[in-house]
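Colleague: just the structure for this:
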Amino acid sequence: MDETANHKLPLIRASQAQKHVTHNEALLRLDAIMQLSVLSRTQSTPPAASEGERYLVPVGGSGAWAANDGRIAIWQGGVWRFLEPGRGWICHVEDEELFLVRTADGWEELTAASRDPVLAGKAGINATPDDTNRLAVSSESSLFTHAGGSHRLKIDKSSPSETASAVFQSGLSGRAEIGLAGNDDLSIKVSADGSSWKNAIIIDGDTSAVGIGTVPFNDVLDVNGGIVSRAQAPAFSFLGDIDGAKWITGLGGYFLSFMSDNGNSQAIPERSSITCYGRTFRPKIAFTTTGSLLAAGALKAQGYRSGEIELADDASAAIAPLDKAGFLLVSVDPAADHPPLSAFGIAAYDSGTSPEALKLAGGALFDAVSSDVTGTSGIDGHVTIGVVAGSLRIENRLGAMATLRYTFLG
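Modeller: Numbering: from 1, shown residues only. Predicted structure coming up:
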């Protein structure tokens, strides 16, 4: 053998004279092919080069490079020398920052990942990725675990009009979607066929208002048809069929808005009722629309609102007021055998920009203050009503768990 099989390095023969010539030739060849990196693959004419500079001769090489298409041209000892690449050789192209691999068909790019292995490319785990699904996984389950603390899964989008969501499929056909779909509101969508989608729930990103079957309309909760029971929100809107009773039951005061699907028709709650703790208010005001929105304000159930709160000793809780100002009656478990009547009382309040609360009547253990109460703010052994902008507070310092009942007078 005169040379090695793979890289064609010259071998020194037995009793060969000037062995250093053959040895140096092999070293020069090794220097040219190891960690192979060329300056360019688009230079078709030989440039003025420095010792050791390498180029990949493109199709149509001219001058000293003629008839050497696809070979490695290296400037050594003042002349151009050429290396024939073997299949599987990998070459870095400096002016394009990419890698090539030698195949039976010539030089080919490894993948798009050769340009930026961190940001581009595809990966498949027991599945085949594509240009849309660049990461494809086929398995019974997937685990994303922590690194000693918390773990958050983030889905980002480029602008509010794009989509960042999780889609749940059946047989590769979408059935449910949760996320930011075309805006910055959180939505939950469902589909029966994977092509026609309906919004089940929408949460407004700015106001946190919730819409069920419809877009929220300036309220805490908007419902398209159906029945709402044991609701805690202070306002509702119903969009759609109102031919029948809509019942609202549970704690809290309620504002009921009616909207019409047809801008030329009336939204009249003729057979609708508002029920709160068994007392029924029948609306007698009809609203008409001049477009898709209400022409008048919301219908309010006048009267009172009642509720109860169970509080531990030295604890406090917030109460949403019926109005910004009004009267509040408080009793302590009046159904008990011996209710502490001295903790009963009536307070006037203003929860606007200058909050104020005033005790109007009551026992010695009932107080009202024009400030917040946090659980230990009031006098020990008392029930205290406090106020902050937009909310009332009630505090229990009676020495034990207590059920506090309250009624707002409108």
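
Colleague: could you pull out the strands in the stretch 251-400 of the chain for me?
Modeller: 255-259, 266-267, 274-276, 279-281, 287-288, 299-300, 304-311, 315-319, 325-332, 345-350, 356-362, 366-368, 383-388, 391-396 (DSSP state E, counting those that start in this stretch).

Colleague: most packed of these?
Modeller: With neighbours defined as mean count of other CB atoms under 10 Å, the strands of the stretch 251-400 of the chain peak in mean count at strand 383-388, which reaches a mean of 25. C-beta: built from backbone N, CA, C; applies to glycine.

Colleague: report all helices and strands that it contacts.
Modeller: strand 325-332, strand 345-350, strand 356-362, strand 366-368, strand 391-396 (3 or more CB pairs under 8 Å, 6 or more residues apart in numbering; DSSP states H and E).

Colleague: which strands border the shortest one, and is each parallel or antiparallel?
Modeller: Right, strand 366-368. Sheet partners assigned to strand 366-368 using DSSP bridges are listed as strand 383-388 (parallel).

Colleague: do the longest one as well
Modeller: On the basis of DSSP bridges, the sheet neighbours of strand 325-332 come out as strand 345-350 (antiparallel), strand 402-409 (antiparallel).

Colleague: what's that strand in contact with?
Modeller: Under the contact criterion CB atoms under 8 Å, 6 or more residues apart in numbering, strand 325-332 has outside partners 319, 321, 339-340, 343-352, 360, 362, 366, 383, 385, 392, 394, 398, 402-410.

Colleague: if you average the pLDDT over that strand, what comes out?
Modeller: Averaged across strand 325-332, pLDDT comes to 92.

Colleague: that strand vs strand 304-311, what angle?
Modeller: Orientation of strand 325-332 against strand 304-311 (axes from the mean of the first three to the mean of the last three CA atoms, to 10 degrees) gives an angle of 50 degrees.

Colleague: picking that back up, weakest of the strands paired with strand 325-332 by average pLDDT?
Modeller: Taking mean pLDDT as the measure, strand 402-409 is lowest among the strands paired with strand 325-332, coming in at a mean of 88.

Colleague: angle of that strand against strand 315-319?
Modeller: 20 degrees.

Colleague: measure how far strand 402-409 is from the centre of its chain, please.
Modeller: Centroid separation for strand 402-409 versus its chain: 39 Å, with CA atoms, centre = their mean, to the nearest Å.

Colleague: where in the stretch 301-410 of the chain is pLDDT low?
Modeller: 301-304, 334-337, 410 (pLDDT under 70).

Colleague: for the chain, that is, sorry about that
Modeller: Counting by pLDDT under 70, the chain contains low-confidence residues at 1, 4-8, 111-121, 216-304, 334-337, 410.

Colleague: and the helices in it?
Modeller: Listed in chain order, the helices of the chain (DSSP state H) span residues 19-33.

Colleague: re the thing from before, now render the strands of the stretch 251-400 of the chain as CSV, adding distance to Gln76.
Modeller: As requested, these are exported to CSV (distance: least, CB to CB, whole Å):
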stretch, distance to Gln76
strand 255-259, 84
strand 266-267, 90
strand 274-276, 95
strand 279-281, 99
strand 287-288, 92
strand 299-300, 93
strand 304-311, 91
strand 315-319, 84
strand 325-332, 95
strand 345-350, 94
strand 356-362, 94
strand 366-368, 98
strand 383-388, 85
strand 391-396, 85
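
Colleague: right, and these - which one's nearest Thr214?
Modeller: Taking CB to CB as the criterion, Thr214 comes closest to strand 255-259 out of those, the separation being 9.0 Å.

Colleague: tell me how far Ser196 lies from Val190.
Modeller: Separation of Ser196 from Val190 (CB to CB, to the nearest Å): 10 Å.

Colleague: give me the nearest residue to Ile379, chain neighbours excluded.
Modeller: Spatial nearest neighbour of Ile379, chain neighbours left out: Asp367 (6.4 Å); criterion: CB to CB, 6 or more residues apart in numbering.
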